[in-house]
Every structure is written in C-alpha cells, then in structure tokens.
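**Student:** Pasting the sequence and the predicted coordinates here, then a few questions.
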Amino acid sequence: MNQNKIKKWIRIIAVWSLFLSICGALLYGLSHFKVIEEQLKTSDHVDYIVGTIVGFIIFIGLWRQTSWGWKFTIISTALFWIYSIFNLFIEYERLTGIVSAPFIIVDALILRFLFKTDVQHFFNITTTFFIRLKWIPTALFLLAAFLVATDLFDGVVGIVTVLGIYLGIRISKKAKKDLEV
C-alpha cells in the first residue's frame, strides 16, 4: 500500500474519532443540562467524559501520524471495548448488542487496517508487544457476532455462532496458506 493511501485512511480514522468525540460531548451536555431526559449513571458520566477525551487524543495522535497515536489507538480501543462489554453484561438490555455491533465492527476494521504491515512500518512500530495484539480485531468481530446472535436468539446460539465463525476463519486461513505453499 502506498504512503498517500495510508495517510488518507489514517486521516479518515482520525476524523471519525473526532466525530464520535464531538457526538459524545454533545450527548453528554444535552443530557447533563436536562435538554434530553436521560438519567445518567456514574458509569455513563465516566463513559462520556473519558470517551470524549480519549477520542480527542486519538484524533491528535493519528492526525499528526505519530507512533504514540497508533499505540494509543490500539490500547484505548481494546480497553474501551473491555469496559463497555463488562458494563453491557452487568446492565444488559435487549437489542443493545445489535446497536453496539456496528460500532464494534467499525473499530475492528480500523484496528485491522492499523495492524497491516505497511501501516505498522509507516508508524515505525517494531515493538513485539503491540505486534502480538493482532488478534484484537478478530476478537472484536467475534464479539459483534456473539452480541447480535445473543440478541436475536439466546446465549447458547450466540456461543455456537461465534465458534462456527471462528472455526470457519481458521479453516479458511489454513486452506489459503496450504494453497500458497
């Protein structure tokens, strides 16, 4: 992938992060000042405030195309979804998984792009710790599938769906590798 294409996609991801931060800040402000009748829990306050700040930091880091921006995006995205899923399972409401799944998939696609070898070279990422985190996008895709299947059916079908998708991915990767050899 050429440098200009990488730069373009990094800028698109940065603007996406900025957009989400602004939307989060607006939603928080509207609910905080009672323009929107929404009762915020403590976790919601943390979510909106920290999420907005983190989104702005990601925007700055990726817009400037710094290696710390790449690293911060990887770590903060993974931590955000761990925190969000923890809250989701504590306060589960039907169809929340279906609503969350598109955002999970977008983040998985962003991380998959950031983990491409050319993009890692662009950001000068050589730390094995970060390179070992390449499994995160796949985990996010599987999480999205699990949430949708669980919302539509139940937990057992969600688990079976995720196992089926995971095994399908592994088998297709192995078949592709065997064909290349």
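**Tutor:** Cool, got the structure.
**Student:** Would you map the helices across this structure?
**Tutor:** Using DSSP state H, the helices of the chain run over 3-32, 42-63, 67-90, 96-114, 117-122, 128-131, 136-152, 155-180.
**Student:** Throw those into TSV and include mean pLDDT, thanks.
**Tutor:** Shown next, in TSV, are the helices of the chain (pLDDT from 0 to 100):
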stretch	mean pLDDT
helix 3-32	92
helix 42-63	89
helix 67-90	90
helix 96-114	93
helix 117-122	95
helix 128-131	89
helix 136-152	89
helix 155-180	84
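**Student:** Could you find the closest non-adjacent residue to the most centrally placed residue in the chain?
**Tutor:** Taking C-alpha atoms, centre = their mean, the centroid of the chain lies closest to residue 107, which sits 2.9 Å from it. Closest residue to residue 107 apart from its sequence neighbours, by C-beta to C-beta, 6 or more residues apart in numbering: residue 77 at 5.4 Å. In short, each C-beta sits where N, CA and C put it, glycine included.
**Student:** Residues contacting stretch 155-166, please?
**Tutor:** Under the contact criterion C-beta atoms under 8 Å, 6 or more residues apart in numbering, stretch 155-166 has outside partners 138, 141-142, 145-147, 149-150.
**Student:** Spatially, which pair of the residues you listed is furthest apart? Let me know, please.
**Tutor:** Across those, no pair lies farther apart than 138 and 150, at 18.3 Å, counting by C-beta to C-beta.
**Student:** Name the residue in these two with the higher neighbour count.
**Tutor:** Neighbours of residue 138 and residue 150, each counted by other C-beta atoms under 10 Å, are more numerous for residue 150; the result is 21 against 16.
**Student:** Which residues lie in contact with the more buried one in this structure?
**Tutor:** Residue 150 neighbours (C-beta under 8 Å, 6+ apart): 97, 157-158.
**Student:** who wins for neighbours among those?
**Tutor:** residue 97 (23 neighbours).
**Student:** Which residue is the nearest non-sequential neighbour of it?
**Tutor:** Once flanking residues are discounted, residue 97 sits nearest to residue 147: 2.9 Å by C-beta to C-beta, 6+ apart.
**Student:** Is it correct that the one you found is in contact with residue 94?
**Tutor:** No - under the criterion of C-beta atoms under 8 Å, residue 147 makes no contact with residue 94, lying 11.4 Å away.
**Student:** Give me the nearest residue to residue 151, chain neighbours excluded.
**Tutor:** Residue 151's closest residue in space is residue 97 (C-beta to C-beta, 6+ apart), at 4.2 Å.
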